[in-house]
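> Give me the fold of what follows.
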Amino acid sequence: MLVAGFPAGPLAANCYLLAADEGEACVIVDPGQEAEELLERALRQYRLTPVAVLLTHGHFDHIFSVTPVCDGHDIPAWIHAGDRALLSDPARGFGPDAAEFFGGRLELREPNEVRELADGQQLEIAGLTFTVDHTPGHTGGSVCFRTGAEEGGRLLLSGDTLFAGSIGRTDLPGGDSAQIMESLRAKVLPLPDDTVVLPGHGSPTTIGRERAGNPFLMGLSGGDAPAFPTRGL
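Predicted coordinates for the structure are as follows:
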């Protein structure tokens, strides 16, 4: 599997490209602010053809470039219904003072094709299998994507649900501290320790590392382990 990523924009939101190999179809995850040029450079470097955009949630630093990227390549965007409204009105994710934060009203529009994600859904895209876990808490429509293989190479694209040494903030509209803790307990902690976590900000980590050292996860115990997709490596 080919995995490439880079931080984009003032808030350094991580954008990822995943493909079976160089020269193949690929999936783009979270094309945020100032991501277009960097994306096109990576697509050329690895000779990739994008076939879909997956969004972990609807905050503007993760979705800002989704419409030009999707419409420019004639591909769909996938997002959970709980965050779909943020595609066209991102200020809803930041509360009544958002206009000042953005320096005025920030007007965006949905891509031409938007498809909605569901908890437990499996997406067969670009020769890879992505399992969708609805993980509300940072936003109402936050999701994580699992992909990889049972024996080595497991990946979790965690968005802003889990970071190295931290978790997503819950003080913005749609955030809920009890929900994010339950999402982590039920959907994230049960994953195998060797699962590599690709977060929405910051450096990669592993489930084992976070289970042992993330102060926000202390005292949580995972539920039954969700089934892991077996295709992709």
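> What is the least confident helix or strand in the protein?
helix 98-102 (a mean of 57; mean pLDDT, DSSP states H and E).
> Could you check the pLDDT of the spatially most central residue of the chain?
Closest residue to the average C-alpha location of the chain: Thr56 at 3.0 Å, with CA atoms, centre = their mean. Per-residue confidence (pLDDT) for Thr56: 98.
> Can you give me the neighbour number for the nearest residue to it once chain neighbours are set aside?
Once flanking residues are discounted, Thr56 sits nearest to Gly159: 2.7 Å by CB to CB, 6 or more residues apart in numbering. Using the backbone N, CA and C atoms, a C-beta is placed for each residue, glycine as well. By other CB atoms under 10 Å, the residues close to Gly159 number 29.
> Next, the contact list for Gly159, please.
Residues in contact with Gly159 (CB atoms under 8 Å, 6 or more residues apart in numbering) are 30, 56-57, 62, 135, 138, 142-144, 168, 199-200.
> Out of these, which sit inside strands?
Mapping these onto strands (DSSP state E) picks out 143-144, 199.
> now, which of those sits nearest Leu220?
Distance to Leu220, by CB to CB, is smallest for Cys144 among the ones in strands among the contacts of Gly159, at 15.6 Å.
> what sits against that closest one?
Applying CB under 8 Å, 6+ apart, the residues contacting Cys144 are 56, 132-133, 135, 156-159, 161-162, 187-188.
> before we move on, back to that, correct me if wrong: the residue nearest to the centre of the chain contacts Gly168.
No: contact status for Thr56 versus Gly168: not in contact, 10.0 Å apart, counting by CB atoms under 8 Å.
> so what's in contact with those two at the same time?
Joint contacts of Thr56 and Gly168 (CB under 8 Å, 6+ apart) are 142, 159-161, 200.
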